[in-house]
Each structure stands twice: as C-alpha cells, then as structure tokens.
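A.B. asks: requesting a structural model of the entry that follows:
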Amino acid sequence: MGGRRRYIAEESAIGRHWPARSDLARAATYDTDPTLATMTKLVLVCCLVALVAARPQDFVDDSVIYQEPRPQYRTLEDAGILRMESSMNEDGSFQYGFETTDPIQQDVAGQPKQIGEEIGIVMQGSYSFQTPEGQTITVNWVADENGFQPQGDAIPVDANAAAQAAAFANAPQQVTFDEQF
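C.D. replies: As a prediction, this is how the structure comes out:
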C-alpha cells in the first residue's frame with residue numbers, strides 16, 4: 001500500500017483473532033509516504049508565504065484615516081441657504097421650501113387624494129432659478145392623477161397643439177379586424 005504498514009487482523013478458522021497490545025502499538029506506526037510529506041511541507045510553505053504577503057507593508061497612522069470629517073459649513077447661511085422650511089401635518093399633507101443665494105427657490109405642497117381605488121399623493125409647487133444671462137426662470141407645476149404638468153414662460157409650447165387635438169378628436173374610428181368580416 002504505497003510504503004505504509006498497517007495491521008490487519010488475521011481471521012482463523014474459529015473466528016476473529018484479536019491482536020495483542022504490542023501488536024496494536026506497532027499497527028499505529030506508519031511509514032510516511034514521501035509524496036504526502038512533500039505535499040504537507042508545500043502547503044505549509046504556501047500558507048507562510050500568504051501570511052507574509054498579507055501583512056501591512058507600510059505603517060499608516062490610523063488617526064489620519066479614521067478622522068471625523070469636518071463640516072464644510074457651520075451654518076445654513078454659510079452654505080448659501082437663506083430659507084429652509086418643512087412641515088408635515090397629521091392628515092398626511094406637507095409643505096417644504098427653500099431659497100439659496102444663487103438665487104434658487106422652490107416651494108412644494110402635497111396632500112393625499114383618492115385616485116380610483118387607491119390613495120395617491122398629489123403635489124403642486126414652483127421653482128425658479130437664474131440663467132447665466134441674469135433672466136429669472138419660474139416654473140409652476142402640478143403632479144396629480146393626470147401626471148406632471150409644468151407651466152412657465154421657459155417651457156416651449158406647440159402652437160399647433162390645439163389644432164392637432166381637434167383633428168384627433170374628429171378622426172374616424174379605427175376599424176378592427178373583427179369588424180371587417
């Protein structure tokens with residue numbers, strides 16, 4: 001068996017012959033297989049090499065890595081926030097708004113509303129900002145069961161939209177496959 005010695009109990013005609021105590025001690029000793037010893041040493045060397053390679057290479061001061069970041073701004077005014085408001089009511093309605101020094105401004109209000117069989121949140125609000133040319137753009141909007149509906153001077157309007165809607169309403173009904181036969 002590849003260089004190993006094992007004790008195998010001999011069977012006699014009467015039954016099994018149990019070995020004596022000295023035979024058990026001799027049976028516990030094995031001649032080691034050279035391939036097994038070489039593999040064991042190779043695995044041990046690989047583990048040691050991996051352990052050495054995994055150690056930190058340079059000392060790094062942990063206090064530099066784990067410092068708490070300092071806030072860039074101490075107050076809202078330092079961050080350019082002139083106004084910030086927010087409120088939530090017990091009925092689920094809410095309002096929030098802010099204004100910055102840029103000047104950017106936003107105000108929003110919302111409330112729950114029954115839409116079909118479900119309750120949704122409808123919102124209305126406005127936002128404004130200043131273009132690089134100095135023009136103030138204001139957009140008023142509503143978001144409800146009909147979707148997001150913005151309105152403002154900066155939003156392009158199709159002059160032909162009313163004519164297209166009228167033409168669509170007056171168009172003949174489409175014939176389906178079942179009606180042809």
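
A.B. asks: which strand in the chain has the most residues?
C.D. replies: strand 118-130 (DSSP state E).

A.B. asks: in this protein, which ranges drop under the pLDDT threshold?
C.D. replies: 1-33, 57-68, 173-181 (pLDDT under 70).

A.B. asks: next, the contact list for residue 108, please.
C.D. replies: 95, 96, 97, 123, 124, 125 (Cβ atoms under 8 Å, 6 or more residues apart in numbering). No exception for glycine: its C-beta is placed from N, CA and C like everyone else's.

A.B. asks: what do you get if the cut-off is 6 Å, keeping everything else the same?
C.D. replies: 96, 123, 125 (Cβ atoms under 6 Å, 6 or more residues apart in numbering).

A.B. asks: need the residues you listed in JSON lines with distance to residue 104 and neighbour count, can you?
C.D. replies: As requested, the contacts of residue 108 are exported to JSON lines (distance: Cβ to Cβ, whole Å; neighbours: other Cβ atoms under 10 Å):
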{"residue": "96", "distance to residue 104": "14", "neighbour count": "15"}
{"residue": "123", "distance to residue 104": "18", "neighbour count": "16"}
{"residue": "125", "distance to residue 104": "13", "neighbour count": "17"}
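
A.B. asks: quick one, phi psi at residue 116?
C.D. replies: Backbone torsions of residue 116, given as degrees, to the nearest 10, read phi 70, psi -130.

A.B. asks: distance of it relative to residue 145?
C.D. replies: 8 Å (Cβ to Cβ, to the nearest Å).

A.B. asks: neighbour count winner among these two?
C.D. replies: Ranked by neighbour count (other Cβ atoms under 10 Å), residue 116 and residue 145 place residue 145 first, with 10 against 7.

A.B. asks: surely the more buried one is in contact with residue 114?
C.D. replies: No - between residue 145 and residue 114 there is no contact, the gap being 9.7 Å when judged by Cβ atoms under 6 Å.

A.B. asks: quick one on the thing from earlier: so how far is the following helix or strand past the longest strand of the chain off the chain centroid?
C.D. replies: Sequence-wise, the next helix or strand downstream of strand 118-130 (DSSP states H and E) is strand 136-144. Counting by Cα atoms, centre = their mean, to the nearest Å, strand 136-144 is centred 31 Å from the centre of its parent chain.

A.B. asks: am I right that residue 140 is in contact with residue 126?
C.D. replies: Yes - using Cβ under 6 Å, residue 140 makes contact with residue 126 at a distance of 4.6 Å.

A.B. asks: which stretches of this protein form strands?
C.D. replies: According to DSSP E, the strands that the chain contains are 81-88, 94-100, 105-115, 118-130, 136-144, 147-151.
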